[in-house]
Structure formats: structure tokens, C-alpha cells
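Novice: Build me a model from this:
(chains A and B)
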Amino acid sequence: AQSVTQLGSHVSVSEGALVLLRCNYSSSVPPYLFWYVQYPNQGLQLLLKYTSAATLVKGINGFEAEFKKSETSFHLTKPSAHMSDAAEYFCAVRPAGNMLTFGGGTRLMVKP
Amino acid sequence: DAGVTQSPTHLIKTRGQQVTLRCSPKSGHDTVSWYQQALGQGPQFIFQYYEEEERQRGNFPDRFSGHQFPNYSSELNVNALLLGDSALYLCASSLELAGATDTQYFGPGTRLTVL
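Specialist: Next comes the predicted model:
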């Protein structure tokens, strides 16, 4: 069975600081990996996805993530946080099937 | 280009009632998936519809059922509502031909409250 673990349900950073949101997965087959963002009272918006091409994936709004097979990780980073980045972030894995399996989410808070 | 739309936005029901939620996929998409997101948790996969048939199902009881219409829109039905069914229900659409790498685009969700 595939699963996703997001370390840290809440992360707080200062505006302009590095953002690091952690995601580890378990999968019996090479996975496809996704990061989604959810703003209050809204659906999910795709930030980026890994589909076995380049291991460093660049997404929207300055976010990027690196797939590390040896560590089974797909951490999300952004060099400089902005107030508008405050939201809930979800890592998801999609193996050979069609369903997405999500982690529990990390709420990012950005302090002025 | 319209994205994924869902109706209604909010819904309040009482225990034992039945509810129907609706979803229209993004233009050009033919596959619809439904997810349940309880408060403070990540979305959980309910099922997926393609070519008007349920193709894959998550760990949800038979009280949860669905339908896909020829225009690719979809409904989620929940019978005999329980308090624990209170959640945000998300619909996502994708294109079958794009395969497993395709992005699932999510709608804004329907907030269901069961009293």
C-alpha cells in the first residue's frame, strides 16, 4: 500500500525566510508525486508534480521540490516566503493506479 | 475555459437523510474522481468514474454511490447520513488519455454538515 507522511502539521516562518515542507512516501512501485496548495474555503491547486523526468521539479509561485529515491522524499521548498504563501499544503502520491493518496497536510504560517 | 465546478457550495442535512452532490469537469476532461476531506485532514479517495462506470473505489461503504453522465458530469450520492459524513467533498477531473501523469484538477468543494 502507498502512503504519504508529512512531517510537521504546522510550520511557521518569517516573511522572506526559506520555506521547507517535508514529505516522505512509501510506494512499492515508482510513484508519481504531487504537491497541492489549499487556501481557506477553496479546493486544491496543483503546485508541481514529479513524473520520473527531472528529479528537481519547478512549480508555480516560486516553489520547487526534489525527488530523492534513496530517501523516499519529495520535500517542497521556496527560497523566500511571502505573506500570500500562507495556506495548507498537501503532498500526494499516485502509483500505477488512478487515485491520489494524500498526506495529512502542513499548515504554513508566514509572520510579517 | 471553465474549471471544475461543484454544486451546491454548502449543504446542511440531518442524520439518516440522503444527499446528492454534483460536479462538472473541466472542459475536455472525461474522468471524474471524488474525495472526502474531513476537517484538519488530507483528502481521502472515494471513487473514480470513467465512461459512465465506477473504475476504482477507495475504502468507503456502499452508502456512497455515484454516477457519471454522457456529458462527463458526475453525481455523488450518500445515503443514511451519519454525523461522521460531515466534510468537504471535492471533485477532481482529468483526461484519461494523458495517463497516470495527468494532473487532477479540483473544484472548490461542497461543504456538507450533518446534524
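
Novice: what about A:Val11, how many residues close to it?
Specialist: Other residues lying near A:Val11 total 18 when counted by other CB atoms under 10 Å in any protein chain shown. For glycine as for every other residue, the C-beta is placed from the backbone atoms N, C-alpha and C.

Novice: for B:Val19, that is, sorry about that
Specialist: 18.

Novice: residues in contact with it?
Specialist: B:11, B:13, B:77-78, B:81, B:112 (CB atoms under 8 Å, 6 or more residues apart in numbering or on different chains).

Novice: Got the confidence number for residue 31?
Specialist: By default, I'm working from chain A. pLDDT for A:Pro31: 78.

Novice: um, chain B though
Specialist: So B:Thr31 comes in at 93 (pLDDT).

Novice: Mind listing the residues bridging to it?
Specialist: For B:Thr31, the beta-bridge partners are B:Tyr50, B:Ser94 (DSSP bridges).

Novice: Which residues of chain A lie near chain B?
Specialist: Contact residues, chain A versus chain B (CB under 8 Å from any CB of the partner chain): A:4, A:32, A:34, A:36, A:41-46, A:49, A:51, A:90, A:92, A:94-105.

Novice: you'd agree B:Gly3 is up against B:Lys26?
Specialist: Yes: between B:Gly3 and B:Lys26 there is a contact at 5.4 Å, judged by CB atoms under 8 Å.

Novice: returning to what we had before: with respect to A:Lys111, which of the contacts of B:Val19 is nearest?
Specialist: B:Leu112 (33.8 Å; CB to CB).

Novice: For the closest one, which non-adjacent residue is spatially closest?
Specialist: Distances taken as CB to CB, 6 or more residues apart in numbering or on different chains place B:Leu11 nearest to B:Leu112, at 5.0 Å, with adjacent residues excluded.

Novice: and the one you found, which of the three is it?
Specialist: Assigned state for B:Leu11: strand (three-state reduction, DSSP: H, G, I helix; E, B strand; the rest coil).

Novice: swap in B:Gly84?
Specialist: helix.

Novice: residues in contact with it?
Specialist: Counting by CB under 8 Å, 6+ apart, B:Gly84 touches B:Val114.

Novice: Just the buried ones from the contacts of B:Val19?
Specialist: B:13, B:78, B:81, B:112 (16 or more other CB atoms under 10 Å in any protein chain shown).

Novice: Confirm that the third one sits in a strand.
Specialist: Read that as B:Leu81. No: B:Leu81: not assigned to a strand; according to three-state DSSP it is coil.

Novice: Can you give me the separation between it and B:Gln56?
Specialist: 24 Å (CB to CB, to the nearest Å).

Novice: Next: the second one.
Specialist: With the distance defined as CB to CB, B:Val78 ends up 18 Å from B:Gln56.
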